[in-house]
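Novice: model the following, please.
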Amino acid sequence: MSKAVLTYFNGRGLAEPTRLLLYYLGIDYEDKLFKTREDFLELRQSGVLLFGQVPLLQINGLNLVQSKAIIRYLAREYKLDGENSAEIVKCDMINDGIFDYRQKLSGLIFNKNYDDVSANWIPKYMPHFETLLKNNGGEHLVGKKLTYVDLVLFEALQWTVEEFPGSLDSYPLVKSFWEKVGSLEKVKSFLNSSKRFPKPDEAYLQYAKKILGQN
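Specialist: Down below sits the predicted model:
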């Protein structure tokens with residue numbers, strides 16, 4: 001089997017949950033990163049991107065786009081999407097909600113809305129995550145086994161803590177969940193590996209603007 005290829009910017013963005021899932025599943029993959037705007041334009045003009053957007057995951061002969069669809073494909077193929085149809089659709093709903101929450105984190109480097117995220121966005125979403133955990137016994141978001149949404153939420157929480165230390169302290173179940181998932185060997189290994197991209201900084205901002213033609 002050929003190595004999977006994940007094409008994206010040289011940063012976390014929408015690709016980081018996929019990176020964590022690929023690593024957790026033990027799938028050998030290559031990060032293919034845009035170096036120039038021409039790289040980006042060439043890919044867009046190739047017709048591979050259905051909507052002209054990345055990430056793009058090339059795996060099993062498929063060209064997969066749309067970050068949530070990529071994650072659902074991996075989860076379905078590797079049986080991390082629940083035990084039955086009710087769990088599968090619950091995972092879908094929660095995953096969409098996590099991505100809604102996460103968009104503010106990935107946008108921070110561009111808009112600098114740190115105060116708004118801290119004062120409004122985190123308090124808006126964390127009670128929902130707390131309730132989901134409470135209603136499911138506290139260990140997992142869905143069912144009795146780890147599903148892909150546990151990993152997706154962990155990645156979002158990890159980024160949250162990096163940006164806003166102490167932000168989980170008012171949500172005991174969320175904080176315990178973050179600590180437990182973060183203690184899993186494969187997750188710890190990912191965080192300490194070269195596959196984990198650093199928190200975006202001003203250098204990344206200038207790089208992204210260059211690739212997007214916004215300089």
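
Novice: which residues of the chain score low on pLDDT?
Specialist: With pLDDT under 70 as the threshold, the chain has low-confidence stretches at 1.

Novice: what about the strands in it?
Specialist: 4-8, 29-33, 56-59, 62-65 (DSSP state E).

Novice: only alpha carbons, please: show the second one as PDB.
Specialist: The C-alpha atoms that make up strand 29-33 are tabulated as PDB, following Å, rounded to 0.1, in the frame of the first residue of the first chain:
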ATOM      1  CA  TYR A  29       1.400   9.400   5.800                       C
ATOM      2  CA  GLU A  30       3.400  12.300   4.400                       C
ATOM      3  CA  ASP A  31       2.700  15.900   5.000                       C
ATOM      4  CA  LYS A  32       2.900  17.700   1.700                       C
ATOM      5  CA  LEU A  33       3.200  21.400   2.500                       C
END
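
Novice: mind listing what it pairs with, with the direction of each?
Specialist: Note on strand 29-33: by DSSP bridges, its sheet partners are strand 4-8 (parallel).

Novice: sort out which residues of the partner strand are buried, please.
Specialist: By neighbour count on 16 or more other Cβ atoms under 10 Å, the buried set for strand 4-8 is Ala4, Leu6, Thr7, Tyr8. C-betas here are computed from N, CA, C, even on glycine.

Novice: ok, now stretch 204-215?
Specialist: Buried residues in stretch 204-215 (16+ other Cβ under 10 Å): Tyr204, Tyr207, Ala208, Ile211.

Novice: just these now: which is nearest Asn192?
Specialist: Tyr204 (20.4 Å; Cβ to Cβ).

Novice: wait, what's in contact with the closest one?
Specialist: Asn10, Gly11, Ile109 (Cβ atoms under 8 Å, 6 or more residues apart in numbering).

Novice: not counting sequence-adjacent ones, nearest residue to Val5?
Specialist: The shortest distance from Val5 to any residue other than its chain neighbours is 4.5 Å, reached at Gln58 (Cβ to Cβ, 6 or more residues apart in numbering).

Novice: my guess is that neighbour meets Ala4, correct?
Specialist: Yes: between Gln58 and Ala4 there is a contact at 6.5 Å, judged by Cβ atoms under 8 Å.

Novice: mind listing which of the contacts of Tyr204 are in helices?
Specialist: If you go by DSSP state H, the contacts of Tyr204 have Ile109 in helices.

Novice: still on that earlier bit, and the strands of the chain: which comes nearest Ile122?
Specialist: strand 4-8 (25.6 Å).

Novice: what lies in contact with that closest one?
Specialist: 14-15, 18-19, 22, 27-34, 43, 54-60.

Novice: select only the buried ones of those in ChimeraX?
Specialist: A single ChimeraX command selects the buried members of these (16+ other Cβ under 10 Å):
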select :14,15,18,19,22,27,29,33,34,43,54,55,56,57,58,59
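
Novice: list the contacts of Asp150.
Specialist: Counting by Cβ under 8 Å, 6+ apart, the residues that Asp150 touches are His140, Leu141, Val142, Phe177, Val181.

Novice: residues near the third one, how many?
Specialist: Translated: Val142. 25 (other Cβ atoms under 10 Å).
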